[in-house]
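**Q** let me see the structure of the following:
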Amino acid sequence: MAASEHGRVWFLLLGAFLTVWAGRGMFRGFRLVSELAWRARAAPYSSLRGSLLVTTFGLGFLMLESLLPWLSETLGVPGFVHFILGLLLAAAAFSWGLSLLPRGDAPWTAVIPGAIVLGVGLRLLGLAASTYFASRLEHTSDLYGSLSIAIVMMLYLFLIARLFVAAQFLNATLHRRGAKEQLAMWASSAIFSEREQGGDHHPQAGATDDVVGQVGPDVHPAEADSPDDAAQDRPGPPG
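**A** Below you'll find the model as predicted:
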């Protein structure tokens, strides 16, 4: 009995060490994908702290997924409301998690679309697990049941990774597109305001222009006399 308890303790410690080690790799992958999506270099961060953060976030999300059905059954919440509530909680949790990753100079609200994508994807995966995969795994043998569980877990990890990559690139693309549209609007408004100012601008007349305007119309150059006028003006011979 004591030996079995001792073995359980060692297995628990080994499982905790492997979980933290796996969280370290996941944290590095999350940071790398975020830097590529946002095209921003992140500041150095402790891998151990990141691993503990990822592990805590994953365990908290699993606890939320396991406690939410129990709370819904206890309170008598309808299935549709249960799904929407789980979606909102998942989106809020992923918004907080994505805001901790590198995102350049973007505000935290820029990660909300990707958080919604992750929340919807994981809720659909959970729904598929509870309605389809669970009933299938119950009717398999012990050998094929273990292999099926491993295959389903690997499939889930692959789909979650794809969802994360899609969410981060979606956030970065929408943020850059919104920034370009905002810059174009600013540029067009600036050009329009400059054109308005140029149309209303008239140069003021100075003192020189006033003098020219007053004197110019009355001043004409002297015209030369024609030959006929000169002949008329010339005195005739004495009579």
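
**Q** C-alpha from now on. contacts and neighbour counts both.
**A** OK.

**Q** for the chain, which spans come out with low pLDDT?
**A** Within the chain, the ranges that satisfy pLDDT under 70 run 1-4, 134, 137-145, 192, 198-239.

**Q** not counting the helix or strand hosting L125 itself, show me its contacts.
**A** Per DSSP states H and E: L125 is located in helix 112-128. Under the criterion Cα atoms under 8 Å, 6 or more residues apart in numbering, residues 83, 86-88, 90-92, 94-95, 98, 156, 160, 163-164, 166-168, 170-171 lie in contact with helix 112-128.

**Q** mind running it again at 7 Å?
**A** L87, A90, A91, F94, S95, L163, F164, A167, Q168, L170, N171 (Cα atoms under 7 Å, 6 or more residues apart in numbering).

**Q** which ones among those are found in helices?
**A** In helices, judged by DSSP state H, the following of the contacts of helix 112-128 are found: L87, A90, A91, F94, S95, L163, F164, A167, Q168, L170, N171.

**Q** among these, who's most crowded?
**A** Q168 (27 neighbours; other Cα atoms under 10 Å).

**Q** surely that residue meets L36?
**A** No: with contacts counted by Cα atoms under 7 Å, Q168 stays clear of L36, the gap being 9.2 Å.

**Q** just to revisit the earlier point, between the ones in helices among the contacts of helix 112-128, which is nearest A106?
**A** Nearest to A106 out of the ones in helices among the contacts of helix 112-128 is N171 (Cα to Cα; 9.7 Å).

**Q** if I look at that closest one, how far off is G29?
**A** Separation of N171 from G29 (Cα to Cα, to the nearest Å) stands at 17 Å.

**Q** what of F61?
**A** Going from F61 to G29 by Cα to Cα gives 19 Å.

**Q** next one: M63
**A** For M63, the distance to G29 (Cα to Cα) stands at 23 Å.

**Q** what helices or strands is the helix or strand containing A161 leaning on?
**A** Here A161 sits within helix 142-200, counting by DSSP H and E. Identification of packing neighbours for helix 142-200 by 3 or more Cα pairs under 7 Å, 6 or more residues apart in numbering; DSSP states H and E yields helix 2-38, helix 112-128.

**Q** okay if I get the contacts of helix 112-128 as CSV plus distance to Y132?
**A** As requested, these are exported to CSV (distance: Cα to Cα, whole Å):
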residue, distance to Y132
L87, 20
A90, 22
A91, 24
F94, 25
S95, 29
L163, 21
F164, 23
A167, 26
Q168, 29
L170, 29
N171, 31
